[in-house]
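In: A structural model of the following input is requested.
(chains A and B)
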Number of protein chains: 2
Amino acid sequence: MKTYELKNINRAVYNRLLERSAIETGKSIEAVAPVLYEVKKNGLQGALKYAFMFDGAFERNIKVTSAEIAKAGSNLSPELKNAIKSAYKNIYKFHIAQKPKSLLVETMPGIVCRREFRAIENVGLYIPGGSAVLFSTLLMLAIPAKIAGCKRIAVCSPAKNGVIAEELLYTAKLCGISEFYKIGGAQAIALMAYGDKELPKVDKIFGPGNQYVTAAKTLVSIDRNGCAIDMPAGPSEVLVIADKYANPAFAAADMLSQAEHGTDSQALLVTDSIQFARRVEKEIVQQSRKLNREKEINASLSKSFILVVPSIEEAIKFSNDYAPEHLILNVKNASKLIGKVSNAGSVFIGPYSPESAGDYASGTNHSLPTYGYAKAYSGVNVEQFMKSVSFQKISKKGLKNLSKTIITMALAEQLTAHAQAVKVRL
Amino acid sequence: MKTYELKNINRAVYNRLLERSAIETGKSIEAVAPVLYEVKKNGLQGALKYAFMFDGAFERNIKVTSAEIAKAGSNLSPELKNAIKSAYKNIYKFHIAQKPKSLLVETMPGIVCRREFRAIENVGLYIPGGSAVLFSTLLMLAIPAKIAGCKRIAVCSPAKNGVIAEELLYTAKLCGISEFYKIGGAQAIALMAYGDKELPKVDKIFGPGNQYVTAAKTLVSIDRNGCAIDMPAGPSEVLVIADKYANPAFAAADMLSQAEHGTDSQALLVTDSIQFARRVEKEIVQQSRKLNREKEINASLSKSFILVVPSIEEAIKFSNDYAPEHLILNVKNASKLIGKVSNAGSVFIGPYSPESAGDYASGTNHSLPTYGYAKAYSGVNVEQFMKSVSFQKISKKGLKNLSKTIITMALAEQLTAHAQAVKVRL
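Out: Presented below is the predicted three-dimensional model:
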């Protein structure tokens, strides 16, 4: 793997290392714009046209029946069902604790301000199809949606030969979801955003997807007739910070588990020991022999690199500049670094915290900001399925106390009717 | 004003009443795209080119000096300075209480998950110029940014004849802001989003603006080299719910204070009494004689309407469907309705809570979701200047307990390297 030493690179190279691989979004946007237009105009009919064209899906009845959901699981192994239930429990525990509390502050005598949280009423969850069935993603989106109290939770996922994988339906059942549609791609996003009788419009869409799904989400998020989305998306990535005390086999395994996600994934190692770096490289070669998804792993590793830094402090600085989706701190006294991490999606502390623990079952969410977005965005959490509403109740005396302030400011901003609304009351 | 009675309208009319006036965003996007392109390529030089072209601004040194900020206020009346300080105190009190707390949950023995909040390091605040100097908006954005702990807070606002209004600089000083630039419009948004030596790139932009500022914010928010933004914007609006016990003069004053905001503002009255509605109309005519901004008020009222409903419960239902930026509950026992409000930006309870109190000084934020966005978006708050990072620390025993769950799920999703990262550790 390409190795850089911090002491030998200039600012321009440093900045280049922070960059993600360029994504040609223009083409995807062009590709999905007609899909959105069609669905906006013709609803489900339009969506079905593209579902047939892109996915060969010809079923007109896209809603999974309650009977299909009810019986889901009968063909799954007890081990898998137990695993999904254990993950559910941990994710639930960590997310129920996030539920935001209302707030009441008397800012001045007679002026009571409140902040209350309300669930977003209608949310749409997108679960991609493709090579693997990502039931874990359904857990990560449905659990906070349920905790938030969303009235309607609509799930869209592409069917294979007209069938949704039983793992997904079982997970939906476990999460108490009854609205599940067999449709994927940009047409699914458009259908959720613009709605139709069969799938009423949602207020916000969550979930990952390929470049077309991402492009469709972008477009509906800036369309006044569209809806909100969770966050912008990019390829998955991990940054492993490890020192010479770490086990190179662990670091290699973590990088490989990131690399298998997709050809555009990035797995970085930042270490203060070049000897350690060499050992990790050897481990990567050895371990990758035992794994599937060779194509993804090779392509992803070709986009990855090792950075050797003079100190772990410099490693943290680079990480904060890079803002990784996943950050692994496999160093001595790793817990002491928590306070220094400013930009990251999810952080794994110490030798026994692999990324895959957070991907599935530790309790944290795996829908995280990629591509440097961790500088401004959070991973999926309960509040993202809610919004806050502020309230103020002012007594006559309270308004009297505040009247001079309001009137003076309103007049200074040349808004006489604003002043008038106070004067008329006193 | 156009009056509708709920009992006489069908679903199609009801839905039309929920709609906002269409906004031609395509043209604004086309207009600002070259500005963004130029600033992205040529930084400050590019921005200055458009500042000259659009605003006639020819100063090359756009940064306000610390001396200018330090001396701000000497020409302002003590009344105004005291008013700004009072507003500051209330806004600070309500926003400091919002500061989110970290979270620590042991989801299973040996698995400790944490959620910590970190300030977004670099934020940009945009304060529009135009007919009025909106120093109140600077309070609403700078106070939560400071409470969040943002390292850099950059403010952009267009200068008039090379000068920033003293009210704005005084407010900046009060908020502890030292980075203030004399530049406005799409070029200011582009400069903050893409950065240059003189104004380094920010991670997120907050603040209102005209159609070009809004279009620029939209474009940078979907550009991978751009930055995040607070929320989508639309014209300001109020929905007043009042019953026959309310004072028609209060309702009229509230509608007028909204109407003066701009020609595209909307001020709605929903009431269960047609007699009351008539009295409000009379009051509007009488009160508007005393006000400035006749053009804005007339245009805005022509877009507004009265809806007569059989009950206050129906009024709340309409309001939740409309999702107003401002909601005034001027009815008997208004506090009892708080729990029923699901979609609104800021709510004003009872006869003595005019919107202008919240616009300036009650303590709540006045940067709120318009255009129905309150269904999915919150008004500006402290968390929007922060993001959450999740952490997990797993002990060897904790990983052992969870290993079967992770490995089973990883293999079911065909991610062998994810399973491998656990196996290699045990």
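In: May I have stretch A:413-426 as CSV, with CA atoms only?
Out: The C-alpha coordinates for stretch A:413-426 follow below in CSV (Å, rounded to 0.1, in the frame of the first residue of the first chain):
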residue,chain,number,x,y,z
GLU,A,413,-35.3,47.7,12.0
GLN,A,414,-38.0,49.9,10.4
LEU,A,415,-40.7,47.4,11.1
THR,A,416,-43.5,49.6,12.5
ALA,A,417,-46.2,46.9,12.4
HIS,A,418,-44.0,44.8,14.7
ALA,A,419,-44.0,47.6,17.2
GLN,A,420,-47.7,48.2,16.7
ALA,A,421,-48.5,44.5,17.7
VAL,A,422,-47.1,45.3,21.1
LYS,A,423,-48.6,48.8,21.5
VAL,A,424,-52.1,47.7,20.6
ARG,A,425,-52.0,45.2,23.5
LEU,A,426,-50.9,47.6,26.2
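In: Give me the neighbour count for the closest residue to A:Val32 other than its chain neighbours.
Out: Sequence neighbours aside, A:Ala186 is the residue nearest to A:Val32 in space, at 4.0 Å (criterion: Cβ to Cβ, 6 or more residues apart in numbering or on different chains). C-beta coordinates here come from the backbone N, C-alpha and C atoms, glycine included. Residues lying near A:Ala186 (other Cβ atoms under 10 Å in any protein chain shown) number 29.
In: measure A:Ala186 to B:Lys160 for me?
Out: According to Cβ to Cβ, to the nearest Å, A:Ala186 and B:Lys160 sit 46 Å apart.
In: repeat for A:Pro351
Out: A:Pro351 is 61 Å from B:Lys160, by Cβ to Cβ.
In: Let's verify the residue nearest to A:Val32: helix, strand, or coil?
Out: Classification of A:Ala186 using DSSP: H, G, I helix; E, B strand; the rest coil returns helix.
In: helices and strands of chain A: which one has the lowest mean pLDDT?
Out: When each helix and strand of chain A is scored by mean pLDDT, DSSP states H and E, helix A:294-302 comes last, with a mean of 90.
In: What residues of that helix count as buried?
Out: With burial defined by 16 or more other Cβ atoms under 10 Å in any protein chain shown, the residues of helix A:294-302 counted as buried are A:Glu296, A:Ile297, A:Ser300, A:Leu301.
In: and of those residues, the nearest to chain B?
Out: Taking Cβ to the nearest Cβ as the measure, chain B lies nearest A:Ile297 of those, at 7.3 Å.
In: can you tell me how far the closest residue to the closest one other than its chain neighbours sits from B:Glu281?
Out: In this structure, A:Ile297 finds its nearest non-sequential neighbour in A:Ala259, 4.5 Å apart by Cβ to Cβ, 6+ apart. Relative to B:Glu281, A:Ala259 is positioned 68 Å away (Cβ to Cβ).
In: Tell me who's in contact with the nearest residue to A:Phe276 once chain neighbours are set aside.
Out: Nearest non-adjacent residue to A:Phe276, counting by Cβ to Cβ, 6+ apart: A:Lys244, 4.9 Å away. Contacts of A:Lys244 were listed using Cβ atoms under 8 Å, 6 or more residues apart in numbering or on different chains, and they are A:Thr271, A:Asp272, A:Ser273, A:Gln275, A:Phe276.
In: which phi and psi does A:Lys244 have?
Out: Torsion angles at A:Lys244 (phi, psi; degrees, to the nearest 10) stand at phi -70, psi -10.
In: Which pLDDT value goes with it?
Out: We have a pLDDT of 96 for A:Lys244.
In: cool, and A:Phe54?
Out: You'll see A:Phe54 listed with a pLDDT of 90.
In: repeat for A:Tyr170
Out: At A:Tyr170, the pLDDT recorded in the model is 98.
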